[in-house]
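K.L.:
what follows is a predicted protein model with its sequence.
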Amino acid sequence: MGYGVDEKGEKMSKSKGNVIDPLPIIKKYGADAFRFWSASETNVGYDFRCSELKIQSAQKFLSKLWNIGRFISNFEIIDENNKPRELKATDKWILSELSSMTKKCLEGYEELNFFIPANALREFTWNIFAAHYIEMIKSRAYNNEAEDERKSALYTIHKCFRTILLLLEPISPFITYELWKKIYEGGEIISGQKNIPTVEKEYDVFVSSTHHIIKFNSEIWNKKKETLSNITNKPLSLKDPIKTKIPSELESFKDDLIVMHNIMME
């Protein structure tokens, strides 16, 4: 059995006067942020730290989710009924990660341990889906001249976001309902047994690419920060061109990476 502890790691109790009243916190950060914090912080059998900074961090994640939803709402919905015949490698990769994340979440819910889905959702949504995948497919999402490649990106981005909302709904029902209503209005309601996502293993082989993609993108971003522009004498912006090579293990993602980083091949 775990206990709630304060910022100093001391067990919380009324006698010590270190108990946090939840009502002002909920009023300040919102019920969804409080619920997400409690889910992501409290693992079965472990002490959990009660900190306003951690609740604020939960609110930042939900703000990130809202901003992702605003971006995705700019694009028409491509669903299973008009799915492209073939998906691009980048799209297959993120679907493999989506499948892995879905499996973790469903196992956590089955065990009634909300700590598992909360942290799996935050890691996937913020550090993989938003930080890497969306940046890799932005140009395709806006490119009306390459219809098949664009449809591949839009199908995948909506499939990922719908799954995120469905898996997050038991923890943060208000924001997920609002996003679902704004983006997928007219579709099925978000709650309900029939809307539980399934684990799809079709693209599992691409999971091994995650480490290489994150490593390469991080290296390019860092290199741009450390390189001074010949024109402005300031660090290169993320949109500035840069000379580099695409590693052989990322050959399948070459087209998206070149456009994403504005790469001039060495």
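P.N.:
Now that the structure is in, tell me what you want to look at. Numbering: from 1, shown residues only.

K.L.:
now the helices for the chain?
P.N.:
Under the criterion DSSP state H, the chain contains helices at 22-29, 31-41, 52-72, 89-110, 115-122, 135-142, 147-168, 173-183, 210-226, 254-261.

K.L.:
ok, Ile164 touching Arg122?
P.N.:
No - assessed by C-beta atoms under 8 Å, Ile164 is found out of contact with Arg122, at 10.3 Å. Bear in mind the C-beta positions are built from the backbone N, C-alpha and C, glycine included.

K.L.:
rank the helices of the chain by mean pLDDT and give me the bottom one.
P.N.:
Sorting the helices of the chain by mean pLDDT places helix 22-29 lowest, at a mean of 81.

K.L.:
what about the closest residue to Gly108 other than its chain neighbours, how many neighbours?
P.N.:
Leaving aside its chain neighbours, Gly108 sits nearest to Ile116 (2.8 Å; criterion: C-beta to C-beta, 6 or more residues apart in numbering). Per other C-beta atoms under 10 Å, the neighbour tally for Ile116 reads 20.

K.L.:
over to Lys225?
P.N.:
Applying other C-beta under 10 Å, we find 11 residues neighbouring Lys225.

K.L.:
what about Ile164 and Arg122, which has more around it?
P.N.:
The neighbour count for Ile164 versus Arg122, taken as other C-beta under 10 Å, is higher for Ile164 (24 against 20).

K.L.:
so who does that one touch?
P.N.:
Ile164 is in contact with 65, 121, 124-125, 129, counting by C-beta atoms under 8 Å, 6 or more residues apart in numbering.

K.L.:
TSV please, covering those and showing neighbour count and distance to Glu226.
P.N.:
As requested, those are exported to TSV (neighbours: other C-beta atoms under 10 Å; distance: C-beta to C-beta, whole Å):
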residue	neighbour count	distance to Glu226
Leu65	25	31
Leu121	28	33
Phe124	24	29
Thr125	21	29
Phe129	21	27
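
K.L.:
could you work out the most separated pair of these?
P.N.:
Based on C-beta to C-beta, the longest span within the contacts of Ile164 runs between Leu65 and Phe124 and measures 11.4 Å.
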